[in-house]
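> I would like to see how this sequence folds:
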Amino acid sequence: MAKIVVLGAGLGGTIMAYELRNKLGRSHDITVVNKGSVYSFVPSNPWVAVGWREREAVEVDLVPAFKKRNIALRPEGAAKLHPAENRIELTDGSSVDYDYLVIATGPELAFDEIEGLGPAGFTQSVCQTDHAADAKQAFDALVKKPGPVVIGAVQGASCFGPAYEFAFILDKALRDAKVRDAVPMTFVTPEPYIGHLGLDGVGDTKGLMESELRARHIKWITNAKVARIESDKVVADEINDDGSVKQHHEVPAVFSMLLPAFRGVSAIRGIEGLTNPRGFVIVDRHQQNPQFNNIFAIGVCVAIAPTGKTAVPVGVPKTGFMIESMVTATAANIERMIEGGKPNVQATWNAVCLADFGDGGVAFVAQPQIPPRNVNWSSSGRWVHTAKVGFEKYFLHKVRNGHSEPFYEKLALQALKIDKLKAVTFDD
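The predicted model follows:
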C-alpha cells in the first residue's frame with residue numbers, strides 16, 4: 001500500500017486527489033494537506049469583486065466531498081517540506097509521511113515586493129476569494145463616489161487574463177451603475193504590448209485586446225515598471241527595450257487592482273534541487289522533479305521559463321486545461337511507479353483562456369502553450385460568456401462530486417468549438 005500526499009487543494013490539487021483515487025482505487029492512502037478546508041474557484045473572483053457572484057456560490061466545503069471519496073484532509077497546512085525524509089511538517093508541529101508527493105500549492109502572492117501593493121496597501125486583488133469579497137466593498141464605494149481607476153499587473157506577474165477580464169467586467173459594472181462616464185480608466189502592464197499575456201500573444205490577441213480597450217475608452221501603459229502605489233495614485237516608469245526610462249507616470253487612482261508577481265510558497269521555497277530561485281518547482285516532461293523522483297508538481301507552482309526576453313520581467317501563465325493535463329499525466333505516472341515502472345506520460349500543456357467581459361469576451365487556444373504552436377487561435381464574442389459559465393459549473397461540480405458533469409463540459413466545449421484538449425502523449 002502506497003501513501004500519496006497532495007500538497008494544496010486548489011484547482012489542481014483537488015482534482016489531483018480525485019484522479020489518483022479513480023486511478024488507484026481504494027487500496028492506497030491519499031491525503032491532501034491544505035490551509036483550511038474550503039475550495040474556491042478562483043476564475044470566478046472578478047465576478048465576486050463586482051457583486052455578480054456571492055463568494056458562497058464559488059466555494060466548496062472539502063470535508064464532505066473528500067469523505068465520500070475516502071480522501072483524508074489535513075487542514076492545518078504545511079510549515080516545511082523535508083524531501084530527504086519524505087515528510088511534510090505541518091503548522092501544528094505534527095508531520096505527514098509519504099511515499100509519493102504531488103505539490104499543487106499554487107503561488108505565494110508577492111505583494112510585499114512593491115510599496116503599497118495589495119489589500120494591506122492601496123490596491124484591490126482578485127487572486128483569492130476573500131480578496132475579491134473585500135474588493136466588492138471598494139467597488140461599492142467607487143460607485144457612490146466615482147473617480148479614476150487603474151487596473152493591470154506589476155512586473156514579474158504571470159497571470160494577465162484576470163487583469164484584462166477585471167478591467168472589462170469593471171467597465172460593464174460601472175456602465176450598469178450609470179457612473180462609467182465619471183471614471184477614467186487606465187490599464188497598466190509590464191507586457192511589451194497589449195495582448196502579450198506572457199505568451200508572446202496567441203493568434204491576434206494584440207489586435208483583439210487593443211480594440212476592446214479602445215471601444216471601452218480604457219487607456220494603457222505597456223512595459224510598465226511600478227515603483228509604488230499611494231493612496232491616490234500609481235507611480236510607474238515606462239521602460240524602453242534597452243532598459244532606459246521612456247516616460248515617468250503618476251496615474252491618479254481612487255480604486256486600483258494590480259495583479260502581483262508570484263513566487264513559491266514558503267513551505268517549499270529554498271529547497272535545493274526542488275525549486276528554482278523564485279521558489280517554483282523544477283519538473284521534467286513527466287511532471288517529476290529530477291532530484292527527488294517521488295515528488296511531482298502541477299499547476300501554478302511549476303517552474304516554466306519565459307517565452308523570451310522582455311524589457312520588464314513577464315512570467316508565463318498556467319491555465320485550467322493545462323493544469324488538468326498535468327493532473328492526468330501525473331496520476332498515470334504515479335500509478336506506473338507504484339507498479340514498478342518508470343513515468344512515461346507527458347502532459348500536453350495546451351492553454352485555453354476565457355476572458356469574460358459580462359457582455360462579451362475574448363478566448364484563445366495555444367497548442368502547445370509555449371511557441372512554436374500547432375494551434376494559435378483567438379476570437380471574441382458574446383459566446384465567450386456562455387463558455388466561461390459552463391467551465392465554472394464544470395469545475396465546481398467536479399470538485400463537489402469528484403467527477404465531471406458531461407452537460408457542463410459539453411456546454412463549455414461547444415461554446416468554445418474545441419475538443420481533445422486534455423489528451424496526453426506516450427513516450428516510446
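
> which residues of the stretch 101-250 of the chain score low on pLDDT?
Counting by pLDDT under 70, the stretch 101-250 of the chain contains no low-confidence range.

> which parts of it are helices?
Residue ranges of the helices in the stretch 101-250 of the chain, as given by DSSP state H, counting those that start in this stretch, are 129-144, 161-176, 205-215.

> which other helices and strands does the shortest one contact?
To tie it back to what came earlier, the one meant is helix 205-215. Packing partners of helix 205-215 (3 or more C-beta pairs under 8 Å, 6 or more residues apart in numbering; DSSP states H and E): helix 161-176, strand 361-367, strand 375-380. (Each C-beta comes from the backbone N, C-alpha and C, glycine too.)

> does H131 touch N45 like I think?
Yes - here H131 reaches N45: they are 7.4 Å apart, a contact under C-beta atoms under 8 Å.

> rewinding a little: most tightly packed of the helices of the stretch 101-250 of the chain?
Mean neighbour counts were taken over the helices of the stretch 101-250 of the chain using mean count of other C-beta atoms under 10 Å, and the top value, a mean of 23, falls to helix 161-176.

> only alpha carbons, please: show that helix as CSV.
The C-alpha coordinates for helix 161-176 follow below in CSV (Å, rounded to 0.1, in the frame of the first residue of the first chain):
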residue,chain,number,x,y,z
GLY,A,161,-6.0,37.1,-18.3
PRO,A,162,-7.7,38.1,-15.0
ALA,A,163,-6.4,41.6,-15.2
TYR,A,164,-7.9,42.2,-18.6
GLU,A,165,-11.0,40.4,-17.5
PHE,A,166,-11.5,42.5,-14.5
ALA,A,167,-10.9,45.7,-16.4
PHE,A,168,-13.7,44.9,-18.8
ILE,A,169,-16.0,43.5,-16.1
LEU,A,170,-15.5,46.7,-14.0
ASP,A,171,-16.3,48.8,-17.1
LYS,A,172,-19.5,46.9,-17.6
ALA,A,173,-20.5,47.1,-13.9
LEU,A,174,-19.8,50.8,-13.9
ARG,A,175,-21.9,51.3,-17.0
ASP,A,176,-24.7,49.3,-15.4
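
> gap between it and the chain center?
18 Å (C-alpha atoms, centre = their mean, to the nearest Å).

> what mean pLDDT does stretch 67-80 get?
Regarding stretch 67-80, the rounded mean pLDDT is 97.

> can you give me the distance of A78 to V389?
34 Å (C-beta to C-beta, to the nearest Å).

> same check, this time on F139
21 Å.

> what's the answer for V399, then?
16 Å.

> before we move on, what about G270?
41 Å.

> can you check V33 too?
Taking C-beta to C-beta, one finds V33 at 32 Å from V389.

> ok, these two, which is more surrounded?
V33 (27 against 18; other C-beta atoms under 10 Å).

> just the pLDDT for the more buried one.
The model's pLDDT for V33 equals 98.

> need the contact list for it.
5-8, 74, 76-78, 88, 90, 96 (C-beta atoms under 8 Å, 6 or more residues apart in numbering).

> and if you look at E76?
Counting by C-beta under 8 Å, 6+ apart, the residues that E76 touches are 33, 35, 90-92, 94.

> hmm, try it at 10 Å
33-36, 90-94, 96 (C-beta atoms under 10 Å, 6 or more residues apart in numbering).

> likewise G147?
141, 179, 182-184, 232, 252-255.

> ok, now A355?
43, 46, 160-169, 197, 205, 208-209, 212, 361-364, 380, 384, 388.

> many thanks, I have nothing further to ask.
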